[in-house]
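>>> Structure for the following, please:
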Amino acid sequence: MSFFSKLFGKKEKETLDEGLNKTKEGFFSKITKAIAGKSTVDAEVLDSLEEALVNADVGIDTTIQIIERIEKRVQQDKYLGTSELNRLLKEEIEAILVDAADNTYKNFEIPANKKPYIILVVGVNGVGKTTTIGKLAHNYKKAGYNVLLGAADTFRAAAVDQLTIWSERVGVPIVKQAMGSDPSAVAYDTVKSAISKGSDVVIIDTAGRLHNKAYLMDELTKIKRVIGKILPDAPHEVMLVLDGSTGQNALEQAKHFTAATDVNSLTITKLDGTAKGGVVLAIAHQFKIPVKFIGVGEKIDDLLIFDKHEFVDSLFKL
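Sure thing, here's the model as predicted:
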């Protein structure tokens with residue numbers, strides 16, 4: 001069996017189940033409390049369900065849409081019991097995700113006509129951006145690609161050092177310059193090096209942009225422009241990394257980054273350490289940008305491809 005045919009295997013499923021435990025436990029304890037002593041889905045049950053969704057950081061707008069859909073189905077079937085509520089909720093949550101981010105991304109394969117495939121990674125400090133880059137490099141290398149890293153976060157010496165450690169750990173080359181160097185120059189050198197080396201995948205780190213600092217956002221635009229001078233359609237992917245444990249703050253970051261640059265993929269990290277995993281639904285629903293990966297642990301293989309069906313299945317697995 002090839003790497004690409006594995007898609008979502010037993011190991012990945014077990015990792016996902018374990019990673020969503022905290023969200024699942026908190027969520028279902030509230031649902032169980034909401035339906036205790038109830039035989040039918042009434043207004044009180046729906047109110048309690050709404051509270052449970054909001055507390056799981058599903059978000060107000062997304063929660064309202066889910067509740068309205070369930071309410072409509074309850075009205076159509078007057079004898080709908082609370083025993084069927086989990087099934088209804090599961091179906092509606094998966095429907096929200098399909099409507100919001102209906103991508104077919106299933107593996108670590110890159111488009112055949114885009115080589116080198118340039119990924120620009122953005123996000124604030126502390127969200128797990130550098131770790132995500134290291135894990136991405138590991139997976140792309142495992143898939144058989146030649147990977148090159150670019151250390152364009154030159155504002156922090158630690159950022160370059162951390163990425164260098166990951167490059168050594170994974171066994172992929174890195175392009176870097178001294179701290180304080182022009183990030184655009186590093187990005188430029190990285191892409192030029194990738195072309196000369198015949199690299200397949202290029203992953204470029206950027207500074208932990210504070211989303212309320214306009215000049216840092218301007219730097220992102222400059223990096224994209226410089227890369228585009230070498231490869232007119234690059235970067236092919238601008239990946240925003242968000243910390244799922246921050247809940248609604250992750251939504252705020254997404255608002256600022258999507259307004260400032262052309263984000264076209266999302267990675268949501270640290271879902272294993274939080275009961276706020278519902279933020280995945282809120283982000284996907286609000287921004288209509290594919291969630292491509294989720295981080296559910298510290299190990300190198302704990303960055304998983306986001307599969308909508310498997311995510312919802314794990315969330316509801318008792």
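
>>> Need the phi and psi values for Ser184.
Torsion angles at Ser184 (phi, psi; degrees, to the nearest 10) stand at phi -60, psi -30.

>>> for it, what are its contacts?
Ala152, Glu219, Lys222, Ile223, Arg225, Val226 (C-beta atoms under 8 Å, 6 or more residues apart in numbering). The way it works is simple: take the backbone N, C-alpha and C, and place the C-beta from them, glycine included.

>>> cool, and Gly247?
Here Gly247 is in contact with Asp57, Thr274, Lys276, Val279 (C-beta under 8 Å, 6+ apart).

>>> what about the third one, which SS state?
Think Lys276. Secondary structure state of Lys276, per DSSP: H, G, I helix; E, B strand; the rest coil, is coil.

>>> quick one: pLDDT of it?
Per-residue pLDDT puts Lys276 at 75.

>>> how about it, what does it touch?
With contact set as C-beta under 8 Å, 6+ apart, Lys276 has these partners: Thr23, Ala56, Asp57, Gly244, Ser245, Thr246, Gly247.

>>> next one: Lys22
Lys22 is in contact with Asp272, Gly273, Thr274, Ala275, Gly277, counting by C-beta under 8 Å, 6+ apart.

>>> ok, now Ser196?
Listed by C-beta under 8 Å, 6+ apart, the contact set of Ser196 is empty.

>>> Tell me which helix or strand it sits in.
Element membership of Ser196, judged by DSSP states H and E, is helix 183-197.

>>> Just the contacts of Lys276: which are in helices?
Thr23 (DSSP state H).

>>> The stretch 201-318 of the chain: helices as residue ranges?
Taking DSSP state H, counting those that start in this stretch, the helices of the stretch 201-318 of the chain run over residues 214-230, 248-260, 279-287, 308-315.

>>> Adding distance to Ser314, write the contacts of Gly247 out as a markdown table.
Listed next are the contacts of Gly247 as a markdown table, based on distance: C-beta to C-beta, whole Å:
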| residue | distance to Ser314 |
| --- | --- |
| Asp57 | 17 |
| Thr274 | 15 |
| Lys276 | 16 |
| Val279 | 16 |
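
>>> Leaving out the residues flanking it, which one is nearest to the residue nearest to the spatial centre of the chain?
Centroid-nearest residue in the chain, with C-alpha atoms, centre = their mean: Thr267, separated by 2.0 Å. Among residues not flanking Thr267 along the chain, Phe293 sits closest, at 4.3 Å (C-beta to C-beta, 6 or more residues apart in numbering).

>>> burial of that neighbour, as a residue count?
23 (other C-beta atoms under 10 Å).

>>> Also Asp243?
Asp243 has 24 neighbours, counted by other C-beta under 10 Å.

>>> so Gly171 touches Tyr140, yeah?
No: between Gly171 and Tyr140 there is no contact under C-beta atoms under 8 Å: 11.9 Å.

>>> Just want to know which of those two has more residues nearby.
Per other C-beta under 10 Å, whichever of Gly171 and Tyr140 has more neighbours is Tyr140, with 22 against 10.

>>> so what's the more buried one scoring on pLDDT?
We have a pLDDT of 95 for Tyr140.

>>> That one looks like it's in a strand, true?
No: counting by three-state DSSP, Tyr140 is not part of a strand but helix.

>>> what's the distance between it and Glu109?
According to C-beta to C-beta, to the nearest Å, Tyr140 stands 9 Å off from Glu109.

>>> Repeat that for Lys38.
According to C-beta to C-beta, Lys38 and Glu109 sit 47 Å apart.

>>> ok, Leu20 touching Asp313?
No: taking contacts as C-beta under 8 Å, Leu20 lies outside contact range of Asp313: 10.0 Å.

>>> Looking at those two, which has the bigger crowd around it?
Taking neighbours as other C-beta under 10 Å, Leu20 and Asp313 compare with Leu20 leading, 24 against 15.

>>> Who are the contact partners of that one?
Leu271, Asp272, Gly277, Val296, Phe311, Ser314, Leu315.

>>> per-residue pLDDT, the closest residue to Asn249 other than its chain neighbours?
If the residues on either side of it in the chain are set aside, Asn249 comes closest to Asp243, at 7.9 Å by C-beta to C-beta, 6+ apart. Per-residue confidence for Asp243 comes out at a pLDDT of 91.

>>> Show me the domain layout of the protein.
Per automatic domain parsing, the domain ranges recorded for the chain read 10-100, 117-307.

>>> buried subset of the contacts of Ser184?
Using 16 or more other C-beta atoms under 10 Å as the burial test, the contacts of Ser184 include Ala152, Glu219, Ile223, Val226 as buried.

>>> residue ranges with poor pLDDT in the stretch 151-300 of the chain?
Along the stretch 151-300 of the chain, segments meeting pLDDT under 70 span 209-213, 215.

>>> Gly59 is in contact with Ala254, isn't it?
No: Gly59 is not in contact with Ala254 according to C-beta under 8 Å; the separation is 11.1 Å.
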